[in-house]
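In: show me how the following folds:
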Amino acid sequence: MPIRHRSCYRKTQPFPTAKLDGNALRPNLSSAEDCVALCEVTFHLMMKLLIQHIASSVFLMASAQPSGAISLNVELRHTVNGHPLLLDSLRYKNVTGETYSFTRVSYLLGGFALKHENGAWEELSGQYAFIDLAKRRTDVHLQHIPEGKYQALRFHIGPDSIANAADVSHLPADSPLNPNINGLHWSWQGGYIFMALEGHFRGVHDEFGGYAHHLARDSNRTRISLTAPLDFSRDSGAITLDFDLGTLLDAPHPLSFERDGKATHSRDGDPIAAALVANLPGAFRVAQVTSATPSVSRPTQVKPLYLPEKFTPYRFTMSRTFPLPDLPRDNPLIEERVALGRALFHENALSRDGTISCTSCHQSDSAFADPRRFSIGIGGHAGTRNAMPLFNLAWKSQFFWDGRAPSLRAQVLMPIEDHAEMDETPEHLTAKLSALDSYPPLFDAAFGAPDVTMEKIGLAIEQFLLTLTSHDSKFDRAMNGKAALTDAEKRGFELFMTEYEPRTGNFGADCFHCHGGALFSDHQFHNNGLVSEDSGRAKVTHLDADLGKFSTPSLRNVSLTAPYMHDGRFATLEEVIEHYSSGITRNPTLDPNLAKHPEAGLNLTNEDKAALVAFLRALTEEKSKTP
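Out: Down below sits the predicted model:
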């Protein structure tokens, strides 16, 4: 399997906007132990002068537009046969009579250019966009456009070949090309998925299944050119484009899920990918052009909260292959605050009766997960879900199995007040901690004042949790040439990264769709075919389309985090593999990447199941870290 390789090096630099520099070497290797080098990238998150600068206006610089600069706002409207596209709605019909839905419409745009009246093209180099209908990312804001009149707009589906092959660990945390933003990178293989279309379908004979069309590879990068009068003589402008997904699947090369296939990963010569490329140019049209740019929200100035006069910047450690995380700018990591968070994490006083702490359900020797099926609160009250592991949280933006917490600082406070967990009130907790001799000095060092508040408790524990990283497994060392995977582990990796697509002769385990990338999680919510009374994500969103969907946990340290699934129903990795091989239950919200598999399952051989388990065990750090 082709894998893009990267070299290993160490850099020290300031947070948050600095990029990792240096040249990446990409030897032409293919064995797992000779592959991409993983190493720790250690850098200063901030220095005193930098933080003082952050407190003023540094965060506005990246988004500020020079006075008088011309910009173009491009709005993408998604339709199906002329009608507004509704996600998760099995209502659309293709020309072959199949009914289908979309659960995911994600794509990358690049290569923007405007055509002058004299026919010359004005290239808007280095500007990219990530469009995702479910995340409501449907606008592109093009900047630094020279004044003048233009006849046409041009762009491409997918980045150019240089950006497609670039080292993604160098990208800023907020870049549209950052894999943690778009979830469209092939990870170990390198390169991007240019466009991901996923959903369900019902065939003409009432067959229900899923489809996953992933357009990728440089040869499939598709140019879109649209005639549009754009006058930037005096002011900025806006243009609305309609992208008709019905046309994309129907004309001029109609696609049938039953006849042509349920999935494409754009291998050379794949007819589905070829049809998508042929259909894309005709799927876009100009709907409206206006002379004034609609207001575009800009990041507001971010000031660090309660920063003390004296502090020690914390050295954050991560893998060289990880994308840069979007660390909280209002809570910059400092040693004093991390130390306070560590103390609070182990503090029994957080519970009403003083019997449990955060570590009671997040044990360090279990990768900060709970080895019990259900966590136990005060008074012996059992919960209904297994406690998730706590590491590499800097790359997440929604927390708990159902994503109900929008930040770590919000997440850490919820169990404190939950009657089934710690059952403590904010007033009582802050009074208890204030009365302990050890805490006022710790709060003073961390926040510049000794007073104890729930906000500061959340900020401190958030910092401690952000420091819990995992990136030194046997797999990582093998990729760095410091260890060797066994034949079984290599086979497991191959199965893990290979799609199940009989049409193209591929019979992998298809794990990478949800567990791909250096973090081994897409941090999204999926229904993975479990029979459960727990409504999952739908309990938060109140959407039927989210029934049975749960957050994708990372597979790092997976041999330490048993039992598995949101309710801890599987005690072993062997049971987990068997579920995906033969135990999936079909339902209306089953993830399309699972729904496209045969109804009887993948039916992996015993040897392949064992190989997958061997590979998964290689993702665990041999020495548990106990901060």
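In: for the rest of this, base every contact and every neighbour count on C-alpha atoms.
Out: Will do.
In: for the stretch 251-400 of the chain, which spans come out with low pLDDT?
Out: Flagging of the stretch 251-400 of the chain using pLDDT under 70 yields the residue ranges 292-299.
In: try the chain
Out: Under the criterion of pLDDT under 70, the regions of the chain flagged as low confidence span 1-68, 292-299, 623-627.
In: any idea how it splits into domains?
Out: Each structural domain of the chain that the record assigns through automatic domain parsing is listed here as a residue range: 32-42+471-617, 66-290, 330-466.
In: and these: which comes nearest residue 311?
Out: Between residue 311 and the domains of the chain, the tightest spacing by C-alpha to C-alpha is seen for domain 330-466, at 6.5 Å.
In: pull up the distance across the closest one, start to finish.
Out: Distance between the boundary residues of domain 330-466 (C-alpha to C-alpha, to the nearest Å) amounts to 14 Å.
In: export the domains of the chain as CSV, with columns for mean neighbour count and distance to residue 318.
Out: Below are the domains of the chain laid out as CSV (neighbours: other C-alpha atoms under 10 Å; distance: least, C-alpha to C-alpha, whole Å):
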stretch, mean neighbour count, distance to residue 318
domain 32-42+471-617, 20, 5
domain 66-290, 19, 11
domain 330-466, 19, 9
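In: what's the closest of those to residue 317?
Out: Residue 317 lies closest, by C-alpha to C-alpha, to one member of these: domain 32-42+471-617, at 4.7 Å.
In: one step back: wait, which of the domains of the chain is closest to residue 309?
Out: Evaluated over the domains of the chain, closeness to residue 309 peaks at domain 330-466, with 6.8 Å, by C-alpha to C-alpha.
In: strands along the stretch 1-150 of the chain, start to end?
Out: In chain order, the stretch 1-150 of the chain shows strands spanning 40-44, 70-80, 83-84, 92-93, 99-100, 104-116, 121-123, 129-132, 139-145, 148-157, with DSSP state E, counting those that start in this stretch as the criterion.
In: residue 178 is nearest to which of these?
Out: Comparison of those against residue 178 by C-alpha to C-alpha identifies strand 129-132 as nearest, at 9.6 Å.
In: how about residues contacting that closest one?
Out: Strand 129-132 has contacts (C-alpha atoms under 8 Å, 6 or more residues apart in numbering) with 104-110, 137-140, 176-177, 182.
In: try 6 Å this time
Out: 105-109, 137-138, 176 (C-alpha atoms under 6 Å, 6 or more residues apart in numbering).
In: of all those, which comes closest to residue 124?
Out: The shortest separation between residue 124 and any of these is 12.1 Å, and it belongs to residue 109 (by C-alpha to C-alpha).
In: how about that closest one, what does it touch?
Out: Applying C-alpha under 6 Å, 6+ apart, we find residue 109 in contact with 128-129, 156-158.
In: can you rerun that using 10 Å?
Out: The contact partners of residue 109, taken as C-alpha atoms under 10 Å, 6 or more residues apart in numbering, are 127-131, 140, 155-160, 176-177, 194-195, 221-223.
In: go on, residue 160?
Out: For residue 160, the contacting residues are 109-111, 126, 128, 218, 221, by C-alpha under 10 Å, 6+ apart.
In: any chance of the residues you listed in JSON lines, plus distance to residue 87?
Out: As requested, the contacts of residue 160 are exported to JSON lines (distance: C-alpha to C-alpha, whole Å):
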{"residue": "109", "distance to residue 87": "21"}
{"residue": "110", "distance to residue 87": "25"}
{"residue": "111", "distance to residue 87": "28"}
{"residue": "126", "distance to residue 87": "31"}
{"residue": "128", "distance to residue 87": "24"}
{"residue": "218", "distance to residue 87": "28"}
{"residue": "221", "distance to residue 87": "25"}
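In: closest one of those to residue 330?
Out: Distances from residue 330 to the contacts of residue 160, taken as C-alpha to C-alpha, are shortest for residue 128 (26.9 Å).
In: and the strands in the stretch 501-627 of the chain, which stretches?
Out: Assigned by DSSP E, counting those that start in this stretch, the strands in the stretch 501-627 of the chain fall at 506-507, 525-526, 550-551.
In: OK, contacts around residue 330?
Out: For residue 330, counting by C-alpha under 10 Å, 6+ apart, the contacting residues are 54-55, 301-307, 459.
In: what's the distance between residue 417 and residue 452?
Out: Taking C-alpha to C-alpha as the criterion, residue 417 is separated from residue 452 by 17 Å.
In: residue 569: which of the contacts of residue 160 is nearest?
Out: Comparing these against residue 569 with C-alpha to C-alpha picks out residue 109 as the nearest, at 41.7 Å.
In: show me the beta-bridge partners of the closest one.
Out: Judged by DSSP bridges, the bridge partners of residue 109 are residue 129, residue 157.
In: among the strands of the stretch 501-627 of the chain, which comes closest to residue 519?
Out: Nearest to residue 519, of all the strands of the stretch 501-627 of the chain, is strand 550-551, at 13.8 Å by C-alpha to C-alpha.
In: give me the contacts around the closest one.
Out: With contacts defined as C-alpha under 10 Å, 6+ apart, strand 550-551 is touched by 388, 398-403, 521-528, 534-538, 565-566.
In: can you flag which of these belong to helices?
Out: Among these, the residues falling in helices (DSSP state H) are residue 538.
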